[in-house]
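S.K.: Sequence first, then the predicted structure:
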Amino acid sequence: MEKPILVVMAAGMGSRYGGLKQIDPVGPGGEIIIDYSLYDARKAGFETVVFIIKKEIEQDFKSTVGRRIPRGMKAEYVFQDINDLPEGFCAPEERQKPWGTAHAVCAARNIVNSPFVVINADDYYGADAFKVIFDYLSHSPATQDGKANFAMVAYELENTLTENGYVSRGVCRTDANDMLLSVTELTKIEKDGDWGAKYTTDDGATWHELDPESLVSMNLWGFTPEFLHRAWNGFPDFLRTTLAENPLKGEYYLPSVVTQMIDSRRACVKVLHCADKWYGVTYKEDKPMVQKALKHMHDIGTYPSSLIK
């Protein structure tokens, strides 16, 4: 079996954060968050990384991230383009928002032909997360009971919330064998007091309680190339509905494609657990907490004094 490759979604400009947060230093030696993911991924065994970026940020991204690829790791780049649509479809002239995470991953459809892991560029996942998903993809068959065999690393919701605003999370439902049953994408989840969580689907008009121990997807997925085939072939159905109902803001979410494949019995997804805590900089105010946590990891030897060549 071919070694899994790493696919990094880095096309977002971080609108809520303000600026290109993927290249904002957070480590004590000037490291950016993706430095930690690349270090941990290479240590786990990954040898190739594919970055999904916007053409507009290519120069900044390559000059910052491209020169920091770990030794023994090869980098490739593909572009998420709002006009990269199936034949017969056109993006509305007024639309500026990309088409979502599933569309982003489809940007790699012409160069990825082996098992692959998808992550966000601006999330810290931890070394154990990369190890468990690399090992799973390396030793598991591509199909199981006639279905594509995927995986994901899940985190407890309470460990992924911020004090500074709302977040988007894919809330997972699993069976007794840690097999994924569904993922529901909730785009506005907030802390509720010291221990609780709540979400809204109508811009705050009504709120609903959410178990803070719920398992959520942070877009750390393990796929076979079958996912790319199904996601791209399912894109026209999404577009027909979205162009009629929400043409400027509708998004093709990666978890939604996964759930559709589970429901149609085309895929099964093993939910993996890891020992690490997730960190991310959704808002500027999150940065000091992330900096403190990363400095501590350097201090105790989790990472060397500097990850920058």
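M.R.: Okay, I see it. Quick caveat: nothing in here was measured; it's all calculated off a predicted structure. Numbering: from 1, shown residues only.

S.K.: C-alpha from now on. contacts and neighbour counts both.
M.R.: OK.

S.K.: wait, what's in contact with residue 243?
M.R.: The contact partners of residue 243, by C-alpha atoms under 8 Å, 6 or more residues apart in numbering, come to none.

S.K.: Let me see the confidence value for it.
M.R.: On the pLDDT scale, residue 243 is placed at 97.

S.K.: so how far is the one helix or strand it maps to from its chain's centroid?
M.R.: Element membership for residue 243 (DSSP states H and E) is helix 226-245. Per C-alpha atoms, centre = their mean, to the nearest Å, the displacement of helix 226-245 from the mean C-alpha position of its chain is 19 Å.

S.K.: Next, the buried residues of that helix.
M.R.: Under the neighbour-count criterion of 16 or more other C-alpha atoms under 10 Å, helix 226-245 has 226, 227, 228, 230, 231, 232, 235, 236, 239, 242, 243 buried.

S.K.: what's the next helix or strand after that helix in contact with?
M.R.: On the C-terminal side of helix 226-245, the closest following helix or strand by DSSP H and E is helix 254-263. Contacts to helix 254-263, defined as C-alpha under 8 Å, 6+ apart, come from residues 100-103, 170, 181-185, 231, 234, 267-269.

S.K.: one more time with 6 Å
M.R.: The contact list for helix 254-263 (C-alpha atoms under 6 Å, 6 or more residues apart in numbering) reads 101, 102, 182, 183, 267, 268.

S.K.: Kindly report the same for stretch 170-179.
M.R.: By C-alpha under 6 Å, 6+ apart, the residues outside stretch 170-179 that reach it are 180, 181, 182, 183, 184, 185, 215, 216, 217, 269, 270, 271.

S.K.: Please repeat the previous calculation with a cut-off of 8 Å.
M.R.: Residues contacting stretch 170-179 (C-alpha under 8 Å, 6+ apart): 180-186, 214-218, 255, 268-272.

S.K.: What subset of those is buried?
M.R.: When the contacts of stretch 170-179 are checked for burial by 16+ other C-alpha under 10 Å, the buried set is 180-185, 215-218, 255, 268-272.

S.K.: pLDDT score assigned to residue 2?
M.R.: 83.

S.K.: secondary structure class for it?
M.R.: Remark: residue 2 carries the secondary structure label coil [criterion: DSSP: H, G, I helix; E, B strand; the rest coil].

S.K.: List the contacts of it.
M.R.: Applying C-alpha under 8 Å, 6+ apart to residue 2 gives the contacts 114, 115, 138.

S.K.: Wasn't residue 205 part of a helix?
M.R.: No: if the criterion is three-state DSSP, then residue 205 is coil and not within a helix.

S.K.: In stretch 98-118, which residues are buried?
M.R.: By 16+ other C-alpha under 10 Å, the buried positions in stretch 98-118 come out as 98-109, 112, 114-118.
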